[in-house]
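Participant: let me see the structure of the following:
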Amino acid sequence: AYPYVYFFKYPDTFRRPRGIEPEEYGEILLGEIERTLQVDAYGKGFAAIIFEPIQGDGGVLVPPKSFIVGLRKIADEYGIVLIDDEIQTGFGRTGKMFAIEHFGIEPDIIVLGKSLGSGMPISAVIGRREILDSPEPMTYMSTYSPHYLSCIAAMAGIEYIIKNRLHDRAELMGEYLMKRLNELKDGHEIVGDVRGKGLMIGVEIVDDKDSLKPSSKKAQKIIWRAYENGLIMMTFGKYGNVLRIAPPLTIEREEIDKAVEIMEKAISDVEKGKVGDEVLSKMVAWQ
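Facilitator: Purely as a prediction, here's the structure:
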């Protein structure tokens, strides 16, 4: 626990309570946030709400649109800064330049990194002028700032993404990849859910489709067998059972087909008991 920091539930629509629609579930979770703000002198003690428009390490969770729109409304009502964490989702990954564009709202601040530098160490903060200009002038330095090579790489990467419209390409290739993965889901008992936007996709592994019980063990075995056949994946999510699929935005259809072929073989081998528990000890560093 961190003093003065509150953690709220993020909508996992796949595991929402039965009988509740995704949009309704989002409204319920917004209510929990608002009740906390009301207890704290109508939100006066809160500086900011920080959120991911699509949760990455949490298991590639795509929230209902009403949830993100509701965060904007709450921030406006209580005078709270809304901070959008686009470190994983930014620069075309989800089929939009920024994932927040899927939800039709504007945050006050956007945090950027990772794809900003195409592998080079760099991050950035962009936001409303009245917020970023509000601190009093000060003298400050960072040991490795400015890192000119990283800045040049970031500028070149952004120019390439825009010129070649990689965000549009991610949307197109993402639709094809989702189609292939949903076909895989339909044919396998341990694939519980496929979700995502663009080329940011999660495949949730379960014991079976009746119980939908999360299976981290099966997920680990799948990524091991896939690794043996030339495909590298990792598991994420609350239960460690979600395969995160995030290929390069330049991926070709033939490469998608090959990746899905390897995934299907790995899943089939796990379902047939061909991957033993002994591989789990080799996966510790991957978790």
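
Participant: quick one: buried residues of stretch 116-124?
Facilitator: Of the residues in stretch 116-124, L116, G117, S118, I122 count as buried by neighbour count, 16 or more other C-beta atoms under 10 Å. To be clear about C-beta, it is placed using only N, CA and C from the backbone, and glycine gets the same treatment.

Participant: just the helices in the stretch 51-200 of the chain please.
Facilitator: 65-78, 129-132, 148-164, 166-186 (DSSP state H, counting those that start in this stretch).

Participant: helices and strands around the first one, which ones?
Facilitator: Yep, that's helix 65-78 we're talking about. Taking 3 or more C-beta pairs under 8 Å, 6 or more residues apart in numbering; DSSP states H and E as contact, the helices and strands that helix 65-78 lies on are helix 22-39, strand 48-51, strand 81-85.

Participant: picking up where we left off before, for the helices of the stretch 51-200 of the chain, give me TSV that also has mean neighbour count.
Facilitator: Output for the helices of the stretch 51-200 of the chain, formatted as TSV (neighbours: other C-beta atoms under 10 Å):
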stretch	mean neighbour count
helix 65-78	18
helix 129-132	10
helix 148-164	14
helix 166-186	18
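
Participant: in TSV, list those helices along with mean pLDDT and distance to I267.
Facilitator: Formatted as TSV, the helices of the stretch 51-200 of the chain follow (pLDDT from 0 to 100; distance: least, C-beta to C-beta, whole Å):
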stretch	mean pLDDT	distance to I267
helix 65-78	96	31
helix 129-132	94	47
helix 148-164	95	33
helix 166-186	98	7
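
Participant: can you put those helices in a markdown table and add distance to V5?
Facilitator: Shown next, in a markdown table, are the helices of the stretch 51-200 of the chain (distance: least, C-beta to C-beta, whole Å):
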| stretch | distance to V5 |
| --- | --- |
| helix 65-78 | 17 |
| helix 129-132 | 20 |
| helix 148-164 | 30 |
| helix 166-186 | 33 |
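
Participant: hmm, T250 is touching R165, no?
Facilitator: No: using C-beta atoms under 8 Å, T250 is not in contact with R165; the gap is 11.8 Å.

Participant: nearest to K179 among the helices and strands packed on helix 65-78 would be which one?
Facilitator: When the helices and strands packed on helix 65-78 are ranked by proximity to K179, the top entry is helix 22-39, at 21.1 Å, counting by C-beta to C-beta.

Participant: just for the stretch 151-287 of the chain, where's the confidence low?
Facilitator: 286-287 (pLDDT under 70).

Participant: show me where it has its strands.
Facilitator: Secondary structure of the stretch 151-287 of the chain, counting by DSSP state E, counting those that start in this stretch: strands at 191-197, 200-205, 234-236, 242-245.

Participant: now stretch 115-123: how far from the chain's centre is it?
Facilitator: 17 Å (C-alpha atoms, centre = their mean, to the nearest Å).

Participant: can I get the strands of the stretch 151-287 of the chain in JSON lines including mean neighbour count?
Facilitator: Below are those laid out as JSON lines (neighbours: other C-beta under 10 Å):
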{"stretch": "strand 191-197", "mean neighbour count": "22"}
{"stretch": "strand 200-205", "mean neighbour count": "25"}
{"stretch": "strand 234-236", "mean neighbour count": "19"}
{"stretch": "strand 242-245", "mean neighbour count": "24"}
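
Participant: export these to JSON lines and tack on distance to E271?
Facilitator: Below are the strands of the stretch 151-287 of the chain laid out as JSON lines (distance: least, C-beta to C-beta, whole Å):
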{"stretch": "strand 191-197", "distance to E271": "10"}
{"stretch": "strand 200-205", "distance to E271": "11"}
{"stretch": "strand 234-236", "distance to E271": "17"}
{"stretch": "strand 242-245", "distance to E271": "15"}
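
Participant: P3 is nearest to which of those strands?
Facilitator: Closest to P3 of the strands of the stretch 151-287 of the chain, according to C-beta to C-beta: strand 234-236, at 27.4 Å.

Participant: deepest of the helices and strands packed on helix 65-78, which one?
Facilitator: For these, the largest average neighbour count (mean count of other C-beta atoms under 10 Å) is found in strand 81-85, namely a mean of 21.

Participant: which neighbouring elements make contact with that one?
Facilitator: strand 48-51, helix 65-78, strand 109-112.

Participant: among these, which comes closest to E32?
Facilitator: The nearest among the helices and strands packed on strand 81-85, by C-beta to C-beta, is helix 65-78 at 11.1 Å.

Participant: tell me how far the closest residue to L280 other than its chain neighbours lies from K238.
Facilitator: Nearest non-adjacent residue to L280, counting by C-beta to C-beta, 6 or more residues apart in numbering: Q220, 5.7 Å away. Distance of Q220 to K238, computed by C-beta to C-beta, to the nearest Å: 15 Å.
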